[in-house]
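Asker: Structure of the sequence below:
(one chain, ligands or ions: 1)
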Amino acid sequence: MSILDLSPVVPVVVLDDPDSAVPLARALVEGGIGVIELTLRTPTALESIRRIAAEVPEIAVGAGTVTTPQQAEDAVKAGSSFLVSPGTTPALLDAMLATGVTVLPGCSTISEALVLREAGLTELKFFPAEAVGGAPFLSSLGGPLPDLRFCPTGGITLDSAPRYLALPNVACVGGSWLTPASAVKSRDWSSITATARATVSALIQD
Ligand SMILES: O=C(O)C(=O)C[C@H](O)[C@H](O)COP(=O)(O)O
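Answerer: The predicted structure is shown next:
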């Protein structure tokens, strides 16, 4: 099964404290979410990935904000089962593919999407979704490139997610709203579970 089909929403998480990684992942699982993207934006992100991969087998943990070949390698060594980049260079794509795990390289223009399709990829991240044209852009892109499937991310909310998910070329959306910084900081796992549950039921009904 594709990583894009695990959940209608991929929580994109910025985590400072690796001690929060396992309870946070468990809170998402409890709320019905089977996938988590840990961004490599904090110095402890790899340690958080390591702990989730080792202790929460119910969730697929991947690395986000992969921007260098070295990060791709390190993230997979830490246990990432998929890699997500905000944009893609040829060297970054080669390194991501060399790891052998599922990759979701980022793009934000039709030409970038075409370059990735030429490399054999059909599942892409679209970032920063809202800022570069949102659902209308992806809808237009579906005309000439109907074989590509996207996970749009960037500025998407529970309110705007259904507009994306209604498109035939959108498999899921990424977003940070499931793990607000305030709830993570205060270790409010029950509110994260409640938000995950509400999100899953709203998006599956849609
Ligand atoms: O760092 C990356 O590689 C990213 O892809 C950025 C994330 O997609 C956004 O940080 C999502 O956050 P929101 O826009 O708040 O939903």
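
Asker: Point out where this protein drops to low pLDDT.
Answerer: 205-206 (pLDDT under 70).

Asker: Now do the end-to-end distance for stretch 59-75.
Answerer: 16 Å (CA to CA, to the nearest Å).

Asker: gap between it and the chain center?
Answerer: How far stretch 59-75 lies from its chain's middle: 11 Å, per CA atoms, centre = their mean, to the nearest Å.

Asker: do the same with stretch 159-175
Answerer: 13 Å.

Asker: Sort out which residues of it are buried, please.
Answerer: Using 16 or more other CB atoms under 10 Å as the test for burial, stretch 159-175 gives 160-161, 163-165, 167, 169-175. (Glycine included, C-beta is placed from N, CA and C.)

Asker: CA atoms only for that stretch, dumped as CSV, please.
Answerer: In CSV, the C-alpha atoms belonging to stretch 159-175 read as follows (Å, rounded to 0.1, in the frame of the first residue of the first chain):
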residue,chain,number,x,y,z
ASP,A,159,-11.5,23.5,6.9
SER,A,160,-9.6,23.6,3.6
ALA,A,161,-8.6,19.9,3.5
PRO,A,162,-11.8,18.7,2.0
ARG,A,163,-11.3,21.0,-1.1
TYR,A,164,-8.1,19.2,-1.8
LEU,A,165,-9.3,15.7,-0.9
ALA,A,166,-12.2,16.1,-3.4
LEU,A,167,-9.6,16.2,-6.3
PRO,A,168,-8.9,13.0,-8.1
ASN,A,169,-5.1,13.7,-8.0
VAL,A,170,-4.9,14.3,-4.2
ALA,A,171,-4.5,11.2,-2.1
CYS,A,172,-4.0,12.9,1.3
VAL,A,173,-3.0,16.2,2.8
GLY,A,174,-0.2,17.1,5.2
GLY,A,175,-0.7,19.6,8.0
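
Asker: Residue 69 - how many residues pack around it?
Answerer: Residues within reach of residue 69, counting by other CB atoms under 10 Å, total 17.

Asker: err, residue 120, not the other one
Answerer: Counted with other CB under 10 Å, residue 120 comes out at 7.

Asker: cool, residue 100 as well?
Answerer: That count, for residue 100 with other CB under 10 Å as the rule, works out to 8.

Asker: Could you pull up the contacting residues of it?
Answerer: residue 76 (CB atoms under 8 Å, 6 or more residues apart in numbering).

Asker: And residue 37, by the same measure?
Answerer: 10-13, 62-64, 82, 84, 174.
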